[in-house]
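Student: Model the structure of this input:
(one chain, ligands or ions: 1)
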Amino acid sequence: MSAAAQARRRRGQDELSIVAFERGRATSYSACGIPYWIGGVVESEDALVARTPEQHRAGGIDMRMRTEVTAIDLSRRVVHWRDLDAGTEGDEAFDALHYATGSVPMRPPVPGIDSRGVYGVQVLDDGVDLIRELESGEVHRVVVVGGGYIGLEIAEACQRRGLHVTVVDRSATPVGTFDADVGAFLAEAVRGLGIELVLGDGVAEIGVRDGRACAVVTASGREIPADLVVLGLGVRPAVRLAQEAGIPLGASGGIAVDARMRTQAEGVWAAGDCVESVHRLSGQRVVVALGTHANKQGRVAGINLGGGYATFPGVIGTAITKVCELEAARTGLSSVEADEAGYAYVTAVVDSTTKAGYMPGAEPVRMKMLAERRSGRLLGAQIVGRQGAAKRIDALAIAVWNEMSVDEVLGLDLSYAPPFSPVWDPVLITARKAQEAVEADLSVC
Ligand SMILES: Cc1cc2nc3c(=O)[nH]c(=O)nc-3n(C[C@H](O)[C@H](O)[C@H](O)COP(=O)(O)OP(=O)(O)OC[C@H]3O[C@@H](n4cnc5c(N)ncnc54)[C@H](O)[C@@H]3O)c2cc1C
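Tutor: Modelled structure (predicted):
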């Protein structure tokens, strides 16, 4: 819908007709807000909808709701659609096609996965189902399978409702995109919130009683009782229709696009979770399913579709999440990613506080930086801490984006007052340590 709205802004209805198909019942809603709605922080589903189908129609977009596109015929230049309520079908002709089908949640092929009481969290209707379950009075123990950022956000939502929550993840630390030392700090802090973490042990089976999930059985044979199981195992790009139509994918499995969000099929554009992006540090094509990229890419595609010129500059792996008061964020490359990309680097890890240590409410924060050997270029940063810790990642994302060295970061004129940071902000202390590590490494070379 970002693309449609942008294209419409550039070309009026007399010049360009825009038809949008959506198989669901909502448009332009924040999936990112679903965990906070489930947790009762956001009051209603309506609050998550930025723009309704009626508003889009008023803006000159022919919105076909509850209508699924079932095939794309590039030679005839038509999409085939099916109205999910009326059961009717038809073709819609196009000159240009924008493909933005999002992603498909992972469901492990384990016994019991399709039982009642097992839910994913992807669309608004999942939120409706989960809230109904959580308010039924029958649910006391929730097991979340997958300790990624969505899994942890759901764990928080359930904990806020006073339920017993266990998170199961086959990785050694939650949110596997963090380095082990930062992940261990995160794991300890999550446990400190009263959430049970079962790590290094994947799901092998969903135990079922009377057709309903009653336990999660792990690979090691541990059986964790559950009244409700929530899957947070990540997503893969929704590319089936594209594949069937012959729209080329990249090696990452997402649709291959150029900087203007053009696919390799003539007159077909794509954006969002279904495409791959260029990682600016590794140079690799990667699929990163984040709303921040989807919105920017949709805007770029829409400007181009509307006859303008815009490009998407790539990603650097910035992400942020929270579970209760605990926050975690990262940017650039993790150690594993830096190794894979072939960088030689040094690291610095610092434990500091979110405010001056003498201020009430100063909370611990752990920060890690990776700096390239010799050049000292900041390759990546990770932060785990409490209130106010994680948004510091944005300063570091700008530094990574602009290829700054840790020495340059150390010299930045960052803000300081005791209620906001120590006089040496954790960003500066970590940059200083990283610079020392670069220098120590130089003297060894
Ligand atoms: C619980 C949750 C929390 C998240 N939190 C964050 C966060 O904090 N930060 C962040 O950056 N990102 C977050 N995300 C990710 C973010 O929501 C997605 O990256 C973003 O929504 C992707 O946008 P999209 O337009 O590509 O796909 P979507 O928003 O999924 O939209 C695709 C649409 O296409 C429709 N569709 C698919 N196939 C068809 C078809 N054949 N015919 C008709 N319609 C079709 C779908 O119904 C869907 O409405 C979160 C996601 C979830 C699920």
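Student: Now do the same for the residue of the chain found nearest the ligand: helix, strand or coil?
Tutor: Proximity to the ligand, evaluated over the chain using CB to the nearest ligand atom, is greatest for G272 at 2.1 Å. Backbone N, C-alpha and C define where each C-beta goes, glycine included. With DSSP: H, G, I helix; E, B strand; the rest coil as the basis, the three-state label of G272 is coil.
Student: Settle this for me: it is touching G102, isn't it.
Tutor: Yes. Shown here, G272 and G102 form a contact pair, counting by CB atoms under 8 Å, at 5.9 Å.
Student: shared neighbours of these two, anything?
Tutor: Any residue near both G272 and G102 by CB atoms under 8 Å, 6 or more residues apart in numbering counts here, and that gives A294.
Student: which of those two has more neighbours?
Tutor: Neighbour count, other CB atoms under 10 Å: between G272 and G102, G272 has more, with 28 against 15.
Student: can you count the residues close to V19?
Tutor: V19 is flanked by 15 other residues according to other CB under 10 Å.
Student: what about whichever helix in the chain runs longest, distance to the chain center?
Tutor: Secondary structure of the chain per DSSP state H: the longest helix is helix 426-444. Averaging C-alpha coordinates over helix 426-444 and over its chain gives two centres that are 31 Å apart (CA atoms, centre = their mean, to the nearest Å).
Student: Average pLDDT for that helix, rounded please.
Tutor: In this model, helix 426-444 has an average pLDDT of 95.
Student: cool, and stretch 66-81?
Tutor: Averaged over stretch 66-81, pLDDT sits at 98.
Student: circling back: what sits against the residue of the chain closest to the ligand?
Tutor: Taking CB under 8 Å, 6+ apart, one finds A100, T101, G102, H293, A294, Q297, G298 in contact with G272.
Student: Give me the pLDDT for the first one.
Tutor: The model reports A100 with a pLDDT of 98.
Student: right, and it touches G298 too?
Tutor: Yes. Between A100 and G298 a contact is recorded at 6.6 Å, counting by CB under 8 Å.
Student: any residues in contact with both of those two?
Tutor: When contacts are counted by CB under 8 Å, 6+ apart, A100 and G298 have A3, A271, G272 as shared neighbours.
Student: any chance of these in a markdown table, plus pLDDT?
Tutor: Below are those laid out as a markdown table (pLDDT from 0 to 100):
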| residue | pLDDT |
| --- | --- |
| A3 | 98 |
| A271 | 98 |
| G272 | 98 |
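Student: and of the residues you listed, the nearest to L124?
Tutor: Checking those against L124 by CB to CB gives G272 as the nearest, at 17.0 Å.
Student: For that closest one, give me phi and psi.
Tutor: phi 90, psi -160 (degrees, to the nearest 10).
Student: Leaving out chain neighbours, which residue sits closest to it?
Tutor: Once its chain neighbours are removed from consideration, G272 has its nearest residue in A294; the separation is 3.8 Å (CB to CB, 6 or more residues apart in numbering).
Student: With V400 instead?
Tutor: On the basis of CB to CB, 6+ apart, the spatially nearest residue to V400 that is not a chain neighbour turns out to be G332, at 4.2 Å.
Student: ok, that neighbour - contacts?
Tutor: Contacts for G332 were tallied using CB under 8 Å, 6+ apart; they are L281, I316, G317, T318, L370, L378, L379, G380, A381, L396, A397, V400.
Student: same deal with G302?
Tutor: Taking CB under 8 Å, 6+ apart, one finds S2, A3, A4, A5, Q6, A7, R9, R10, H98 in contact with G302.
Student: Spell out the secondary structure type for the second one.
Tutor: Translated: A3. helix.
Student: Quick check: closest non-adjacent residue to it.
Tutor: Of all residues not flanking A3 in the chain, G302 sits nearest, at 3.7 Å (CB to CB, 6+ apart).
Student: Averaged pLDDT, the helix or strand hosting that neighbour. What do you get?
Tutor: Remark: G302 resides in helix 291-305, with elements defined by DSSP states H and E. Averaged across helix 291-305, the pLDDT comes to 98.
Student: Also near the ligand: which of the contacts of G332, exactly?
Tutor: Contacts with the ligand within those, counted by CB under 6 Å from any ligand atom: none were found.
Student: Just the buried residues out of those residues, in PyMOL syntax.
Tutor: In PyMOL, a selection of the buried entries from the contacts of G332 looks like this (16 or more other CB atoms under 10 Å):
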select buried, resi 281+316+317+318+370+378+379+380+381+396+397+400
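Student: Among the contacts of G332, name the ones in helices.
Tutor: Among those, DSSP H puts L396, A397, V400 in helices.
Student: ranges for the helices of the protein?
Tutor: Taking DSSP H as the test, the helices found in the chain are 2-10, 34-38, 53-58, 124-134, 149-160, 180-192, 240-245, 291-305, 335-341, 393-401, 406-410, 426-444.
Student: Least reliable of the ones you listed by average pLDDT, please.
Tutor: Minimum mean pLDDT among the helices of the chain: helix 180-192, a mean of 90.
Student: rewinding a little: other residues contacting the longest helix of the chain?
Tutor: Under the criterion CB under 8 Å, 6+ apart, external residues in contact with helix 426-444 comprise 346-350, 352-354, 365, 367-371, 373-374, 376, 378, 381, 383, 385, 389, 392, 395-396, 405-407, 409-410, 412, 414, 422, 424.
Student: Leaving out sequence neighbours, find the closest residue to the most centrally placed residue in the chain.
Tutor: Most central residue of the chain, judged by C-alpha distance to the mean C-alpha position with CA atoms, centre = their mean, is L290 at 3.9 Å. Take L290 and drop its neighbours on the chain: the residue closest to it by CB to CB, 6+ apart is A319, 6.6 Å away.
Student: for M369, same thing?
Tutor: Leaving aside its chain neighbours, M369 sits nearest to A434 (4.4 Å; criterion: CB to CB, 6+ apart).
Student: just checking, Y99 touches C274?
Tutor: Yes. Counting by CB under 8 Å, Y99 does reach C274; the two are 6.6 Å apart.
Student: joint contacts of these two?
Tutor: Counting by CB under 8 Å, 6+ apart, the common neighbours of Y99 and C274 are A242, I255.
Student: Quick one: residues contacting V78.
Tutor: Here V78 is in contact with I72, D91, E92, A93, F94 (CB under 8 Å, 6+ apart).
Student: Which residues of the stretch 1-150 of the chain lie near the ligand?
Tutor: If contact is defined as CB under 6 Å from any ligand atom, the residues of the stretch 1-150 of the chain in contact with the ligand are 21-24, 31-32, 34-35, 68-69, 100-102, 121-122, 150.
Student: Out of those residues, the closest to L326 would be?
Tutor: Nearest to L326, judged by CB to CB, of these is P35 at 14.3 Å.
Student: Pull the contacting residues for the closest one.
Tutor: V121, I150, E153, I154, E156, A157.
Student: of all those, which two lie farthest apart?
Tutor: Greatest spatial distance among these (CB to CB): V121 and E156, at 12.4 Å.
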